[in-house]
Structures are given as C-alpha cells and as structure tokens.
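Asker: Pasting a predicted model and its sequence here:
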Amino acid sequence: METIRNVINVHKYYWDCFKYNILADANSPSIQYNFFSEKPQVYLTRNMYSKIDTKHFDVLLNNMIIETKLFNPKTRMGLAINANKCIKYSDIYQCLQSLIGPIHVLKERQATIKEINNTLFKTKYRKQICQQFNDDFVKENPVFIMFGFFVGSLLQIIDSIFDNEIRSGISLLLSTTNTNENKDTCILNASLVSANYAIKKYSVQRVLIIEMNSNVSQSYSDEKIMIISIHNSKTDNSNKLDKNCMNISWSKKKLNDAEFTAIMHYLILPIAYEYNPELIIVSTKFELHTNEIYGVQITPNIYGYLIKWLSTLANGRLVIYEQNVNNDSNYRKECLMECSRALFSKPISKLCVKNLFTFETKNIIQDNIKNQMNTWKSLQF
C-alpha cells in the first residue's frame, strides 16, 4: 500500500487521474505493528514443500472438469424489439445492423402475473399493492399490461442467454413503472422480476443489478441479489448500511465523465469483481444523463466503457434496458450504439476525460468506502 501511495504521489503532476487522490495521502502517517522485531538471517529452502497425495489432485481435476462450463453462444447480442408496432425503434435497429452486423431478434412475449407477483411478495410495498389492486384490475390495467410485455422481453433475453443462443441482450421496448408517491421508489421493478426469474429457473446464485436513474433503491430480502444504485438525491442515502443494496447519491450539479469514471473504478468495479456475479442487469435512463434538472452531463462513450468493464464479469452475460423512454433523441441513439459496440467487442470512441471531479465527489466516494469497507474486502485499502 505504501508503494502505491508513493507512485501516485510522484505521478500526480503528470496524469489527471491522480490529481485528486481518493486513497490516503503519502505524507499521512501509517501506523503498523510488526509482530517480528528481528528478521531471521537465514531462510530454510529445503524440505519446505507440502506433500499431498496424487489422488487428491485427481479428485480436484475431475471436479474442475465437471463444474467448468464452456459457453459458445451462436450470437454475441440479442435484441428485444417490436419493429412492426414501434416505428422509432426500427431506425435504431437498422443503424445497429449497418454498424455492427447481424443481430438476433427475440420474439415478444408477455410476463405472467405469477412471475411478477413472486418478486413483489419480497418487497415492502406488497401490502400496499394488494390493498389498491386485485387480480382483475391487474389483468385489465393498461399499465400492468404494458409492464408485462416489457418484463417479458427481459425474461426472453434471459432465456436466450442461458439457452446458449446469445451472450448478452438489449431491450428496446417501452417500459413503465409504478412509483410510490411518498418514498419515490419504484414498486414495479423490472430488474428484480428478471433477477428473481433467473434465480428460480436457472439456479443462478449471484445477480448484480446496476441502476442509474432518479429512484432510490430499496433493500431486497433475497441475498442472491446485489443492487447498486447511482442517482441524484438531496438527501444522502449512503449512510444506510445494507449488504445487498448500495445507494450512491450525489447532490451536486453537472456530474461529468471524470466523476462518473471515478465512481466506477473506486466503488462499483471493486465490489462487482469481489461479488463475482453470474448475471448482470443494467437499468439506465439515457435521457436523464443530459438533463439539467438532475444535474448530469455524461457523454455516450462513457456508457460504452461501462459495459466494456462489466462484460469481463459473468462470462459476458449482460442485460441492458432503459426505463421510461419519452423521446428518441440522437444522444440516446449514440448511447445504444456505444453499448452495442462494447457487447460486440468493437472499437469504442476514445475516452477523453478533460474535466476533473470536485472535492464534493471525492467526499461522496470516501463516505461510501468508509461505510462499506467492513462488508467488502476490496474497499479495505
């Protein structure tokens, strides 16, 4: 650790990424306790190897062969789209085909009420939903019908991934959410429904959900699901300790590329690599990240690098979808292009991080590290 601090301290005048050091300063005192006051002058080198029976190695090798699953999907990426009913998505589909190549188009299906209810039973707002809605209302309500078709597209992507047809998938269907007025939290969460579906049907042990929207994520009772939420909020939710849910909230204006990259490298990626998920679900809202109201200014290539960094986990099993699509801007198309290039291992636009992140962002990262370091060993530096 001392070597890393010294290298950062020397090179911070030449590299912008070292200008604001998240780690402790090299000049700060480091208190250590040496258990052995005197080092031995001679180290034994002979007869120091452990003797293990060869049968033990044979058992380990056979178990490794049985447990190892080599996946070779037919197509790199699948696309859940309804080009016949939605004209504006057909333009995106044509652009993706011209730039990237052949894309596996998935069939549309509607999620059943049972699949949705299995997830809602584990949320805090299940009683509220039961009091307000009954099964007949759910079947006839257009909001639930629309939500069912959207969740069905995500479940279709998960089925294709675990059936070894595709490696990853993007859903371009319109989504809808039902939000609690008091807590501003999403009741109908497509990510939780999809994660719970993968756990029950395909026995997935670890699912990582990354949400980038304006809602505060609530804890989920299933320990097999880890939620990381990045959102803008006036109230700091990072002090609420929860092993399965981490809220990264900022209250400043204009979160830029450098700050978002710092959050990825110091918080999200260390936890993601330690968690080692078997499936990753990314929920975002592209138009939110150019909105002055929420104070975010992120360029499209940042999304490409985000997906590229995450694609090394879970054997590349990624599901990407967008919430509450209200417009069809060029910015949104560029974000989808960058994400698709990352999933296809195509070259992404060069990452030019010119702006430095502020001290407020540095304090937010340090506060989250301090609160989560007892839970995650990767943050104990």
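Answerer: Received the coordinates, thanks. Nothing here was measured: the structure is a model prediction, and the numbers come from that model. Numbers count the residues shown, from 1 in each chain.

Asker: my read is His42 is in a helix, agree?
Answerer: One thing to correct before we go on: residue 42 is Val, not His. No: according to DSSP: H, G, I helix; E, B strand; the rest coil, Val42 belongs to no helix; its state is coil.

Asker: At which residues are the helices of the stretch 51-200 of the chain located?
Answerer: In order along the chain, the stretch 51-200 of the chain carries the following helices (DSSP state H, counting those that start in this stretch): 54-67, 87-99, 113-120, 126-132, 135-140, 142-162, 190-202.

Asker: Let's test this: mean pLDDT of the shortest one, rounded?
Answerer: This points to helix 135-140. In this model, helix 135-140 has a mean pLDDT of 52.

Asker: and the helix or strand containing Ile209, which strands flank it?
Answerer: In the assignment (DSSP states H and E), Ile209 maps to strand 207-212. Strand 207-212 pairs in its sheet with strand 225-232 (parallel), strand 279-284 (parallel), by DSSP bridges.

Asker: so where's the stretch 1-150 of the chain shaky on pLDDT?
Answerer: Within the stretch 1-150 of the chain, the segments meeting pLDDT under 70 span 20-37, 82-92, 99-102, 117-143.

Asker: Tell me how many other residues surround the residue nearest to Ile103 when sequence neighbours are not counted.
Answerer: The shortest distance from Ile103 to any residue that is not its chain neighbour, by C-beta to C-beta, 6 or more residues apart in numbering, is 4.9 Å, and that residue is Leu79. To be clear about C-beta, it is placed using only N, CA and C from the backbone, and glycine gets the same treatment. Other residues lying near Leu79 total 24 when counted by other C-beta atoms under 10 Å.

Asker: Use 201 as the first number from now on
Answerer: Happy to do that; since the first residue is 201 now, the last one works out to Leu279.

Asker: can you tell me how far Leu279 sits from Ile358?
Answerer: In this structure, Leu279 and Ile358 are separated by 14 Å, where distance is defined by C-beta to C-beta, to the nearest Å.

Asker: what does the strand holding Ile409 rub up against?
Answerer: Among residues not part of strand 407-412, those counted as contacts by C-beta atoms under 8 Å, 6 or more residues apart in numbering are 391-392, 395, 398-399, 417, 424-431, 468, 472, 475, 477-485, 488-489, 510, 513-514.

Asker: three-state assignment of Leu238?
Answerer: Actually, residue 238 is Glu rather than Leu. coil.

Asker: That one: how many residues sit nearby?
Answerer: The burial metric for Glu238, expressed as a neighbour count using other C-beta under 10 Å, is 6.

Asker: Would you check that Glu308 makes contact with Gly348?
Answerer: No: in this structure, Glu308 is not within contact of Gly348 by C-beta atoms under 8 Å, at 11.0 Å.

Asker: Looking at those two, which is more packed in?
Answerer: Higher neighbour count among Glu308 and Gly348: Gly348, with 21 against 16, using other C-beta under 10 Å.
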